[in-house]
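In: based on what follows, work out the 3D shape:
(2 chains)
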Number of protein chains: 2
Amino acid sequence: MLPLTNQQLEDAIRKLEIQDITTATIRQIVSLSKELEQASGEPFIHLEIGNPGLQAERIGIEAEIEALQRGVANAYPDISGIPELKKAGSEFVKAFLDLEIPPKYIIPTVGSMQACYTLFTLLKQRLPERDSVLFFCPGFPAQQHQAKMLGLKCVEFDIYNYRGEKLRDKLDEILSSGKFTAMIYSNPNNPSWTNFTEEELKIIGEAATKNDVIVLEDLAYMGMDFRKDFSVPYEAPFIPSVGKYTTNFILMISASKIFSYAGQRVAIVAMSPEVFNRRYPVLEKFYEMPNFGECYIFGVLYTASSGVAHSAQFGMAAMLREATKGNLNFVDHTKDYGRRAAKMKEALLSNGFHIVYDKDGEEPISDGFFFTVGYKDMPSETLQKELLRYGISAISLPCTGSKRDGVRVCVSMMTDPRQFTKLNELLKKFHDDHQR
Amino acid sequence: MLPLTNQQLEDAIRKLEIQDITTATIRQIVSLSKELEQASGEPFIHLEIGNPGLQAERIGIEAEIEALQRGVANAYPDISGIPELKKAGSEFVKAFLDLEIPPKYIIPTVGSMQACYTLFTLLKQRLPERDSVLFFCPGFPAQQHQAKMLGLKCVEFDIYNYRGEKLRDKLDEILSSGKFTAMIYSNPNNPSWTNFTEEELKIIGEAATKNDVIVLEDLAYMGMDFRKDFSVPYEAPFIPSVGKYTTNFILMISASKIFSYAGQRVAIVAMSPEVFNRRYPVLEKFYEMPNFGECYIFGVLYTASSGVAHSAQFGMAAMLREATKGNLNFVDHTKDYGRRAAKMKEALLSNGFHIVYDKDGEEPISDGFFFTVGYKDMPSETLQKELLRYGISAISLPCTGSKRDGVRVCVSMMTDPRQFTKLNELLKKFHDDHQR
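Out: Residues are numbered from 1 along each chain as shown, chains lettered A, B, ... in the order given. Next comes the predicted model:
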């Protein structure tokens, strides 16, 4: 029965050996909510997981099946990527981001998780004095964990405090130390769904050039700023990218969300040619290869997994190609996330919640895959636990690097109209009980 | 025209920026041989690459296609492995190795490359004073590269000098320093195709227990010691494993060679339950998880790639399951490698070559995927270059950690009878010219 008692909640937390609920991994929160579902006998509303709540793009599946039938399973895939994927990636980037990145500089990875981990590996080595990464927060907690595993120092700042022109001084203040090899953000942002304005991307690009810091731009949710229509290939508006304002960039484009293809673990890295072709003495010595890009492919990616599943490369190649031809409208296909977010925001706002990260410049943020909410002045940990008692599972903002109070809401698991009814009921009860 | 001149060879080496041919990567040697094919206008005999030269197992392909049709592509795969694969792996290990490893301890990885890299990552952390790995040489060069990337110290010794009872003293001498977290070998051995005797595996297991060193046993070529018939599930003889003699072991079982499935990048780790359940304060603190196995799955593998392609997991599960049921005779299917090796050895031995690593105990080594040859007292570098001039590409023994002179021969690309005729002709010419 819901709500659960504090005792029931604390018992479950202890049973799962969770030391701190605000820094627990998403997977631990999933396990905890399953435990609490058992205790209450009622299914929970799951706002914690970012599993694509849509069917995988059929074009990818068919291309994979065809490749398997043709007999690609026995041969090691080219580590630098099959030619079809490199070409399709290059054209996709041109069609939707209006950036020129030739096929040579398009490299497949086992999801953007592998991309980020392996890029951090090499970025740590390129200049020994540059041992730090700047994280724009809030962000995806796994990326900070990756940096820590590699012994990189993590510096973070909350973007909410430095929107617009204020960002320039903040970046210069941090980056001028000469300690930073890279900076990283996702755009749209996980978890806040803020999107940088063109003005802000220009500031980031200029700071990257000025301070020789390489920008990792995570485009996991590209095109899902539904306030504009980015769905027409080779036509403005193009999806904003820092690649317009610096050559010091590396893009990570995952199939997981844009093509609902998380199961097959495939993404591409689109590396600025200038970054690829840089020579660093320490890398030449260690890898016995001439430039950053070759060291990445044949030194790091070879070491990490000897490449990406052959059929998945064909699948991603087909999806990128058909999107570029206008035959696969991935922006339209993911729009349902925006519709869900709008409905969920309505339910939350009418029950005393507020949006924590609420604006880009003067404009309200887009509806999309994630957003962030707070409840009055309730601290993050209390809010996360109270919501759990009422049958709603979410991750808290502190684990995303945010200093603000609130939780992240992910819309992806809300696939059934009955879940919206249930969410409304639970929120009403929550609000009634907490107003007294 | 073959042979090429020294000048032609040196020009090609310079053009590809290869600093040292004896330590170049396999991929660099492939590129070099392609360059030389252009220069000579003749196709080369490729003995350098270990691409499976057989068709992928149909059972795996069909299971992947079925899973894709069923709609697995959109959902993140369970990082600890889909239940079907965990169960099939456990039964496979019981049927062919006669080891009891429950499903919980079977974990998929993106090939054994990811397995080894990620296991090294955690093995480096478990006890800070243990910063070294012992490599049984000759071995697979990529694994030493992986250790170096992680900052692990690599110590190696040539097994040829310490076969049988001599191995005990050598291991104790090295491991008693207390600096070693792990030791690693492949069995059958890449490149020498030696196989440890049961006596030697017992010695290794006892040394592992005595010195708290964890054995990584790479079973990439399991069952391919064709001197015995390991093809009948649940019946002796079983494939030899150190798992019989210590609980300090982790097995790496790749689908790449046993199922000719290298393209889909899938393997399993079979971890001794005792290793999985160990608690280390430094790991508990860093990963906030209770034991070695949980840290491996949810700390390291999550970080490395968020798991293994969903369909590939279903494919491997089906192949393991059908092998265990006796419906997929992977030992028989790979026997052609043995037949090719026998023919190639004949050609080499009749033209002045000798087998470098020639015996296990008193017995001649098995015919299989690899073997090693020398030519009179010719140094490795000279032999590798001279063979290249005559149209034969191979990697040299020094890059495998061997101190002996010779090259590694891989039989996998010899799929056409005409290649054997050509190999015979080239070897005869080589031998004629070098006898003068």
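In: avg pLDDT for the biggest helix by length in chain A?
Out: For chain A, the helix with the greatest residue count under DSSP state H is helix A:417-435. Averaged over helix A:417-435, pLDDT sits at 96.
In: packing partners of it?
Out: Applying 3 or more C-beta pairs under 8 Å, 6 or more residues apart in numbering or on different chains; DSSP states H and E, one finds that helix A:417-435 contacts strand A:45-46, helix A:335-349, helix A:380-389, strand A:392-393. Glycine gets a C-beta too; all of them are placed from N, C-alpha and C.
In: which one of these is the most hemmed in?
Out: Comparing those by mean neighbour count (mean count of other C-beta atoms under 10 Å in any protein chain shown), strand A:392-393 comes out on top with a mean of 23.
In: direction included, what does it pair against?
Out: Using DSSP bridges, the strands paired with strand A:392-393 are strand A:45-46 (parallel).
In: centre of the chain to the helix or strand following the partner strand, how far?
Out: Next along the chain after strand A:45-46, taking DSSP states H and E as the criterion, comes helix A:58-70. Relative to the chain's own centre, helix A:58-70 is displaced by 26 Å; criterion: C-alpha atoms, centre = their mean, to the nearest Å.
In: got it, and stretch A:137-147?
Out: 10 Å.
In: go on, stretch A:112-126?
Out: 15 Å.
In: now swap in stretch A:309-319 and tell me
Out: Stretch A:309-319 sits 21 Å away from the centroid of its parent chain (C-alpha atoms, centre = their mean).
In: buried set for it?
Out: In terms of neighbour count (16 or more other C-beta atoms under 10 Å in any protein chain shown), stretch A:309-319 has its buried residues at A:Ala309, A:His310, A:Ser311, A:Ala312, A:Gln313, A:Phe314, A:Gly315, A:Met316, A:Ala317, A:Ala318, A:Met319.
In: what about chain B: which of those residues touch it?
Out: A:Ala309, A:His310, A:Ser311, A:Ala312, A:Gly315 (C-beta under 8 Å from any C-beta of the partner chain).
In: tell me which helix or strand the third one sits in.
Out: Assignment of secondary structure by DSSP H and E places A:Ser311 within helix A:310-324.
In: elements contacting that helix?
Out: If you count contacts as 3+ C-beta pairs under 8 Å, 6+ apart, helix A:310-324 packs onto helix A:58-70, helix A:83-97, helix A:255-258, strand A:267-271.
In: please redo it, this time with the cut-off set to 6 Å
Out: Packing partners of helix A:310-324 (3 or more C-beta pairs under 6 Å, 6 or more residues apart in numbering or on different chains; DSSP states H and E): helix A:58-70, helix A:83-97.
In: what's the first helix or strand after that helix?
Out: Next along the chain after helix A:310-324, taking DSSP H and E as the criterion, comes helix A:330-333.
In: show the pLDDT at A:Glu381.
Out: Reading off the model, A:Glu381 has pLDDT 96.
In: can you pull the contacts of it?
Out: Taking C-beta atoms under 6 Å, 6 or more residues apart in numbering or on different chains, we find A:Glu381 in contact with A:Thr22.
In: so how far is chain B from it?
Out: Using C-beta to the nearest C-beta, to the nearest Å, A:Glu381 is found at 16 Å from chain B.
In: now A:Ala73, nearest residue through space, not along the chain?
Out: Distances taken as C-beta to C-beta, 6 or more residues apart in numbering or on different chains place B:Ala56 nearest to A:Ala73, at 3.6 Å, with adjacent residues excluded.
In: just checking, A:Thr372 touches A:Ser192?
Out: Yes: A:Thr372 lies in contact with A:Ser192 (C-beta atoms under 6 Å); the separation is 5.1 Å.
In: between these two, which contacts overlap?
Out: What both A:Thr372 and A:Ser192 touch, as defined by C-beta under 6 Å, 6+ apart, is the set A:Tyr357.
In: what about the closest residue to A:Phe314 other than its chain neighbours, neighbour count?
Out: Computed as C-beta to C-beta, 6+ apart, the closest residue to A:Phe314 that is not its neighbour in sequence is A:Ala67, at 3.8 Å. By other C-beta atoms under 10 Å in any protein chain shown, the residues close to A:Ala67 number 23.
In: ok, back up a step: so can I have TSV of the ones next to chain B among the buried residues of stretch A:309-319 showing pLDDT?
Out: As requested, those are exported to TSV (pLDDT from 0 to 100):
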residue	pLDDT
A:Ala309	98
A:His310	98
A:Ser311	98
A:Ala312	98
A:Gly315	98
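In: what's the farthest-apart pair in those?
Out: Pairwise distances across these (C-beta to C-beta) peak at 9.9 Å, for the pair A:His310 and A:Gly315.
In: how near is A:Glu386 to chain B?
Out: As judged by C-beta to the nearest C-beta, A:Glu386 and chain B stand 23 Å apart.
In: what are the pairing partners of the helix or strand hosting A:Ala182, and which direction each?
Out: Element membership of A:Ala182, judged by DSSP H and E, is strand A:180-186. Here strand A:180-186 has these sheet partners by DSSP bridges: strand A:132-137 (parallel), strand A:214-218 (parallel).
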